[in-house]
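Participant: Please find the sequence and the predicted model below.
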Amino acid sequence: MSAQILDGKVLAAKLKEDLSKEIASLKHPPRIVSIAFGRETASQSYISSQQKTAASLGVHYVLQVLDEHWPLPKVIDVIEKINADSLVHGIIVNKPVPASMDFYVLINAIAQGKDIEGMNMANLGALMMNKSLLWPCTPSAALELLKSSGISLAGKTAVIVGRSEIVGKPMALLLLKEHMTVTVCHSRTVDLKGHLKSADVVVAAIGKPLFIQGDWIKPGAAVIDIGINQHEGKIVGDVDFDSAKERAGYITPVPGGVGPVTSVMLMKNAVEACKGGS
Ligand SMILES: NC(=O)c1ccc[n+]([C@@H]2O[C@H](COP(=O)([O-])OP(=O)(O)OC[C@H]3O[C@@H](n4cnc5c(N)ncnc54)[C@H](OP(=O)(O)O)[C@@H]3O)[C@@H](O)[C@H]2O)c1
């Protein structure tokens, strides 16, 4: 059996089509400010993908590059000024942030309604209470891809490998919202393979190239690979795609799976923020 590929580029194009219609119906297009530290940032490719996606949708995008030597209060002051600017709907803080600053302190300074990455405490808390409008982009991209397979999720089992605050944990909340029975595994999990062998859905968010092997996967399962790793000069996921595609029913490729959909989810959140603020 060879799995059906869940193509992120195709899904992203479809989602963008729907989103551009929604943006056209708004009084004003969303406006985003994206903050980065220093010109040479490791998140340059994420920033260019934000810029490209914004431009293709007619979302107004401004990159604000701050001096990485600024003290924390000066950076917080910049964020608070943007919070108070009613013409701006969304704020992004790009990693890496200067070593002297805590990323979470910065994102928690963003007003809840402008946190379009859906990562600050207010939005994650709201997600926990099933009240959030701004979901974290990567887990929501993973969910969109899973839904695009057409399989019914309610009552099925999901194993998420990884428990980070921005990927694994919110992913668990999103799948619970879909009425799945969710297990979250991590580096201290005993018998990961044992958990995976009965999972109808596997979500990998580990950060280890080609870690999950095909024969660990239940035949016919849907496999969503969030990992992005440099490996022997190529970008690969956390799942050994070649062996996993022979067992799985559905699988996302890396690159070209979760990544392209994530940028669209960011713009979807910008639209929500814009609607909330207008
Ligand atoms: N596609 C996208 O848009 C997107 C966005 C964000 C991240 N990513 C990628 O997703 C991956 C995960 O990112 P992250 O930020 O969540 O990483 P992270 O913060 O480093 O978390 C990795 C998680 O994997 C777990 N883990 C590590 N080794 C393991 C093992 N041998 N067995 C089971 N679990 C293990 C860790 O467990 P412990 O908690 O016990 O340490 C941790 O919970 C990375 O490759 C990253 O580049 C992709």
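Facilitator: Right, received. Where do you want to start?
Participant: Tell me the buried residues in stretch 165-185?
Facilitator: Within stretch 165-185, the residues scored as buried using 16 or more other Cβ atoms under 10 Å are 166-175, 178, 180, 182-185. Just so you know, the C-beta spots here come from the backbone N, C-alpha and C atoms, and that holds for glycine as well.
Participant: and if you look at stretch 35-46?
Facilitator: Buried, per 16+ other Cβ under 10 Å, within stretch 35-46: 35-37, 41, 43, 46.
Participant: Same list, those, but as TSV with pLDDT, secondary structure and distance to residue 29 please.
Facilitator: Converted to TSV, these look like this (pLDDT from 0 to 100; DSSP: H, G, I helix; E, B strand; the rest coil; distance: Cβ to Cβ, whole Å):
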residue	pLDDT	secondary structure	distance to residue 29
35	97	strand	20
36	95	strand	22
37	94	strand	27
41	63	coil	26
43	74	coil	24
46	84	helix	21
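Participant: Quick check: closest non-adjacent residue to residue 139.
Facilitator: Of all residues not flanking residue 139 in the chain, residue 171 sits nearest, at 4.1 Å (Cβ to Cβ, 6 or more residues apart in numbering).
Participant: from memory the one you found sits against residue 160, does it?
Facilitator: Yes - at 5.2 Å, residue 171 counts as touching residue 160 under the criterion of Cβ atoms under 8 Å.
Participant: Return every residue with contacts to both of those two.
Facilitator: Counting by Cβ atoms under 8 Å, 6 or more residues apart in numbering, the residues touching both residue 171 and residue 160 are 203, 205.
Participant: if we can go back for a sec, quick check, nearest of the buried residues of stretch 35-46 to the ligand?
Facilitator: Among the buried residues of stretch 35-46, residue 46 lies closest to the ligand (Cβ to the nearest ligand atom), at 8.1 Å.
Participant: For the residue lying closest to residue 43 once chain neighbours are set aside, list the residues it contacts.
Facilitator: Excluding the flanking residues, the one nearest residue 43 by Cβ to Cβ, 6+ apart is residue 94, at 4.4 Å. Contacts for residue 94 were tallied using Cβ under 8 Å, 6+ apart; they are 34-37, 41, 43, 46-47.
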